[in-house]
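In: Here's a sequence, model it:
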Amino acid sequence: MMKRLAISMLAMAAAALTATASHANDLNGAGGTAIYPVLAKWSADYQKATGVAVNYQAIGSGGGIAQIKAKTVDFANSDKPLKPEELAQMHVAQFPAVIISITPVVNLPGIKPGEMTLDGATLADIYLGKITAWDDPAIKKLNPGVNLPHTKISTVHRSDGSGTTFNFTNYLSKVSPEWDKTVGDDVSVSWPNGVGGKGNAGVASYVQQIQGAIGYVEYAYVMENHLVYTKMVNKAGKTLNPTMEGFQAAAANADFTKVQDFYLILTNQPGDQSWPITAATYMLMRTDYPAAQNEPVLKFLDWCLKHGQEQAKALDYVPMPDPVVAQIEAFWHTTFKGDDGKPLWTAEMK
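Out: Residues are numbered from 1 along each chain as shown. Below is the predicted model:
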């Protein structure tokens with residue numbers, strides 16, 4: 001299990017991320033909320049080491065994509081990978097930063113973290129509105145011996161464009177033909193029912209407030225907010241708690257050498273230990289920005305990939321292994337050009 005964030009540390013890191021830039025060399029980014037806990041820690045440590053502040057708006061992956069497209073930020077983040085043709089049209093490059101995990105959370109009297117089990121088909125039927133009470137036979141079958149109350153289910157989802165939503169709905173589409181046909185997967189979908197919260201923090205807050213609620217959040221928010229998480233039955237039929245071992249097992253299937261532009265979706269991976277709702281979260285940078293704008297971003301992200309691994313592990317993110325970091329930096333070398341047309345990222349910059 002991860003080490004819980006100290007409130008004061010998170011507050012300081014958040015201040016560093018949200019403060020208005022006061023120096024010309026400070027960096028501005030926007031995007032997904034799933035990466036926010038570790039990005040906050042990286043930003044605070046990087047500022048201590050270099051004096052460069054990173055001002056990040058955690059507005060959701062959809063917002064990050066919109067801002068990098070509009071050229072209003074130096075970099076963006078998205079939990080939904082963009083297809084190569086989209087990237088080319090936007091003049092944007094993407095590469096993974098860490099592996100995240102998405103976890104169902106509930107608010108039920110008497111139910112403790114990890115006491116309840118769900119599988120993909122049942123989770124889809126809950127969000128479709130086909131299962132409306134917590135003592136439904138489908139849920140009871142998965143939870144013999146658990147005292148499930150006859151409480152109405154209230155579903156909570158993201159109200160903003162969200163990569164967390166993309167991966168959650170992508171998973172539901174893979175395990176439920178009805179979900180795939182009627183709702184599908186994207187950063188925003190037409191939810192059959194429920195209430196929407198802004199960001200992972202908003203979903204966590206609604207789940208805490210509404211008795212009988214169920215939501216989905218990145219695992220760091222589960223631990224930070226002391227939420228009641230559920231176990232999940234994975235593709236191999238194994239019942240798992242959300243753990244670093246399960247996240248790593250799913251991430252082990254991530255072979256970025258076989259895809260273009262790092263485009264890879266990791267939901268519902270095979271393997272006895274694989275947590276079923278796992279994803280890579282991506283950094284987005286424009287390829288048409290001047291060298292003076294892109295170089296400081298590359299230096300920050302290089303620092304995160306090489307010096308931020310312990311912080312990522314402590315918050316139960318799976319950091320990129322060394323071979324993937326080398327692949328990312330080789331990609332930087334061929335993708336980002338200096339004002340003279342030569343590679344911007346060179347061995348001397350590492």
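In: Pull up the per-residue confidence for Thr346.
Out: Thr346 carries a pLDDT score of 87 in this model.
In: residues in contact with it?
Out: The neighbours of Thr346, taking C-beta atoms under 8 Å, 6 or more residues apart in numbering as the test, are His333. (Glycine included, C-beta is placed from N, CA and C.)
In: Name the spans of the chain whose pLDDT lies under the cut-off.
Out: Counting by pLDDT under 70, the chain contains low-confidence ranges at 1-24, 347-350.
In: can you rerun that using 90?
Out: In the predicted model of the chain, residues 1-25, 339, 346-350 satisfy pLDDT under 90.
In: Quick check: longest helix in it by residues?
Out: For the chain, the helix reaching the highest residue count under DSSP state H is reported as helix 291-307.
In: other SSEs contacting the helix or strand following that helix?
Out: Counting by DSSP states H and E, the element after helix 291-307 in chain order, helix or strand, is helix 309-314. Helices and strands in packing contact with helix 309-314 are listed as helix 36-50, strand 318-319; criterion 3 or more C-beta pairs under 8 Å, 6 or more residues apart in numbering; DSSP states H and E.
In: Relative to the whole chain's centre, how far out is helix 309-314?
Out: What separates the centre of helix 309-314 from the centre of its chain is 15 Å, taken as C-alpha atoms, centre = their mean, to the nearest Å.
In: Buried residues in it, which are they?
Out: Burial within helix 309-314, assessed by neighbour count using 16 or more other C-beta atoms under 10 Å, is assigned to 309, 311-314.
In: ditto for stretch 89-98
Out: Neighbour-count burial for stretch 89-98, counted by 16+ other C-beta under 10 Å, picks out 90, 92-98.
In: hmm, back to that, so what does the longest helix of the chain touch, helix or strand wise?
Out: Under the contact rule (3+ C-beta pairs under 8 Å, 6+ apart), helix 291-307 is packed against strand 27-31, helix 36-50, strand 92-106, strand 278-286, helix 322-335.
In: how big is the angle separating it from helix 36-50?
Out: Taking axes from the mean of the first three to the mean of the last three C-alpha atoms, to 10 degrees, one finds that helix 291-307 is oriented at 110 degrees with respect to helix 36-50.
In: which other residues reach helix 291-307?
Out: Contacting residues not belonging to helix 291-307 are listed as 25, 27, 39, 42, 45-46, 49-50, 52, 54, 74-75, 97, 283, 285-286, 319-320, 325, 328-329, 332, 336-339, 344-345, 349-350 [C-beta under 8 Å, 6+ apart].
In: No more questions from me, cheers.
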